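A.B. asks: quick one, what's the 3D model for this:
(one chain, ligands or ions: 1)
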Amino acid sequence: MSTRRVTFQHTIEYEVVNTSNLFQPHNWALLSAGRIEDSRRFVVVDANVEKIYSSAIRDYFAYHHVEARIVAFPGGEENKTMDHYLSILRELDSFPIHRRDEPIIAIGGGVLTDVVGFVAGSYRRGLPYIKVPTTLMGYVDASIGIKTGVNFNRSKNRLGAFHSPQKVLLDKSFLKTLSRRHLLNGVCEIIKLAVIKDAGLFDLLETHGAQCVDSHFQDEAGGIILDRAIGGMLEELEPNLFEEDLARKVDFGHTFSYGLETRYETHLYHGEAVLLDILVSSLIARGRNLLSDEETERIFRLTDALGIELNVSVLDPSLLWASLTERTYHRNGLQRVPMPRGIGGCVFLNDIKANEIELAVKNLEDWIAIKYDHV
Ligand SMILES: NC(=O)c1ccc[n+]([C@@H]2O[C@H](COP(=O)([O-])OP(=O)(O)OC[C@H]3O[C@@H](n4cnc5c(N)ncnc54)[C@H](O)[C@@H]3O)[C@@H](O)[C@H]2O)c1
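C.D. replies: A predicted model of the protein is given here:
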């Protein structure tokens, strides 16, 4: 028997760039990667975004004499499917682009950037691509990492790949047209990061969060919160881009939410499921003296102050337990559930019991009942 060892090192490098007026002809950001002269771009745009910016996008590429194929893609979790993945691939296959210097451009929410990222990662074994998030969920989370994927076989993100973008272009003016529910959906991921990692971010949310939601994050405090949330996310993602370490702080809120999202795909948005998980987890943490009563209260008061509606009727303890069991497989046999230790701190638990989940759900339901009694 003989063995030959193959070793190759590949550096992952991409830029996350703050920009504005992305479709103004003088802004080169969209064309700052790849060749411009005599070139083509395959551009996939969220259908709701396309309605608003259709002519601006077309004018932009026409101005730069770049031949663009612009494909509208319907957002929404129900469209994160193999069928949509394949239909984008067919469009791409009919519009040949160079493999190295004509990056695909993905403009939309987390659903679109996940699906188009998977297209880019799999077509001809990988093409460069640029992500432009247009939802808050995309802006602070989905667009800035390297995970791509589609839902498959009734499981979320069951097919996908790690495929890094060439650039991520952040233009927060896209958030102006986002519905309040989708804004709050993204805010849930900011709350996640604040509770598990950044007490200062939590303070900022307490002080300015409600006003930032009202302004669609266009005010100064909104900019500060967005920058801080993205900085914190990148700090967590960068040293562990390929998730070799399965104990990840950013998985806070992503243990019980998995089952909720799978069962209630069209009713419950990703961030809404994450927030329910955060609250159940906080109550479990409270039960273990990882959070004080006062800290737990602060988390609940913040969700209230931000005006987030909680649909606790979906919280079935057996579903949450099944979700934890599934995530334990996903995390290679250990629960590795991130839990807050004080606001801004984190520990990983591997021994959560079904009765702790039951008690946390009951406490959460009681809290909601008391809250609505007072209204
Ligand atoms: N890859 C990752 O690391 C990662 C991280 C977090 C979330 N995600 C994924 O992100 C997805 C959720 O993303 P999402 O919440 O952005 O959903 P989404 O992409 O479905 O967008 C939500 C809705 O907003 C609309 N929309 C998009 N931009 C708009 C704008 N500027 N103005 C008005 N409407 C606009 C869309 O058409 C859609 O109806 C989930 O599938 C989740 O799994 C991925």
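A.B. asks: can you list the domains in the protein?
C.D. replies: As assigned by automatic domain parsing, the chain contains the domains 15-176, 179-374.
A.B. asks: which one of the ones you listed lies closest to residue 9?
C.D. replies: domain 179-374 (13.1 Å; C-beta to C-beta). Placement of C-beta: from N, CA and C, glycine included.
A.B. asks: follow-up on the earlier one: got CSV for the domains of the chain, with mean pLDDT and distance to residue 7 too?
C.D. replies: Listed next are the domains of the chain as CSV, based on pLDDT from 0 to 100; distance: least, C-beta to C-beta, whole Å:
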stretch, mean pLDDT, distance to residue 7
domain 15-176, 97, 19
domain 179-374, 96, 16
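A.B. asks: residue 6: which of those is closest?
C.D. replies: domain 15-176 (17.1 Å).
A.B. asks: that older thread, just tell me which of the domains of the chain ends up closest to residue 1.
C.D. replies: So among those, domain 179-374 is nearest, using C-beta to C-beta, at 28.8 Å.
A.B. asks: just how off-centre is the closest one within its chain?
C.D. replies: 13 Å (C-alpha atoms, centre = their mean, to the nearest Å).
A.B. asks: okay, strands next: where are they in the stretch 101-250 of the chain?
C.D. replies: Secondary structure of the stretch 101-250 of the chain (DSSP state E, counting those that start in this stretch): strands located at 104-108, 129-133, 147-152, 155-162, 167-170.
A.B. asks: of those, which is nearest the ligand?
C.D. replies: strand 147-152 (3.9 Å; C-beta to the nearest ligand atom).
A.B. asks: direction included, what does that closest one pair against?
C.D. replies: Sheet pairing of strand 147-152 (DSSP bridges) gives strand 155-162 (antiparallel).
A.B. asks: give me the buried positions along the partner strand.
C.D. replies: 156, 157, 160 (16 or more other C-beta atoms under 10 Å).
A.B. asks: isn't the second one right up against residue 117?
C.D. replies: No - counting by C-beta atoms under 8 Å, residue 157 stays clear of residue 117, with 11.3 Å between them.
A.B. asks: okay, and the common contacts of the two?
C.D. replies: Residues touching both residue 157 and residue 117 by C-beta atoms under 8 Å, 6 or more residues apart in numbering: 147, 149.
A.B. asks: now do the contacts for whatever residue of the stretch 251-375 of the chain ends up closest to the ligand.
C.D. replies: Using C-beta to the nearest ligand atom, residue 270 is the residue of the stretch 251-375 of the chain that sits closest to the ligand, at 4.4 Å. By C-beta under 8 Å, 6+ apart, the contact set of residue 270 is 77, 110, 137, 185, 257, 261.
A.B. asks: among those residues, which pair sits farthest apart?
C.D. replies: 110 and 257 (14.0 Å).
A.B. asks: enumerate the residues of the stretch 151-300 of the chain near the ligand.
C.D. replies: 157, 174, 177, 178, 182, 185, 269, 270 (C-beta under 6 Å from any ligand atom).
A.B. asks: mind giving me the ChimeraX command for buried ones among those?
C.D. replies: The buried residues among those can be selected in ChimeraX (16+ other C-beta under 10 Å) with this line:
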select :157,174,178,182,185,269,270
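A.B. asks: want to throw the residues of the stretch 151-300 of the chain next to the ligand into a markdown table with distance to residue 30?
C.D. replies: Below are these laid out as a markdown table (distance: C-beta to C-beta, whole Å):
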| residue | distance to residue 30 |
| --- | --- |
| 157 | 27 |
| 174 | 13 |
| 177 | 19 |
| 178 | 20 |
| 182 | 23 |
| 185 | 26 |
| 269 | 28 |
| 270 | 27 |
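A.B. asks: out of the residues of the stretch 151-300 of the chain next to the ligand, which sit inside helices?
C.D. replies: Among those, the ones falling in helices (DSSP state H) are 182, 185, 270.
A.B. asks: ok, now how distant is the residue nearest the centre of the chain from the ligand?
C.D. replies: What sits nearest the mean C-alpha location of the chain, by C-alpha atoms, centre = their mean, is residue 142, with 3.1 Å. Residue 142 is 4 Å from the ligand, where distance means C-beta to the nearest ligand atom, to the nearest Å.
A.B. asks: correct me, but that residue touches residue 113?
C.D. replies: Yes - with contacts defined as C-beta under 8 Å, residue 142 counts as touching residue 113 at a distance of 5.6 Å.
A.B. asks: how close does residue 98 get to residue 42?
C.D. replies: According to C-beta to C-beta, to the nearest Å, residue 98 and residue 42 sit 11 Å apart.
A.B. asks: over to residue 93?
C.D. replies: Distance, residue 93 to residue 42, by C-beta to C-beta: 10 Å.
A.B. asks: looking at the two, which has the bigger crowd around it?
C.D. replies: Each of residue 93 and residue 42 has its neighbours counted (other C-beta atoms under 10 Å); residue 42 has more, 25 against 10.
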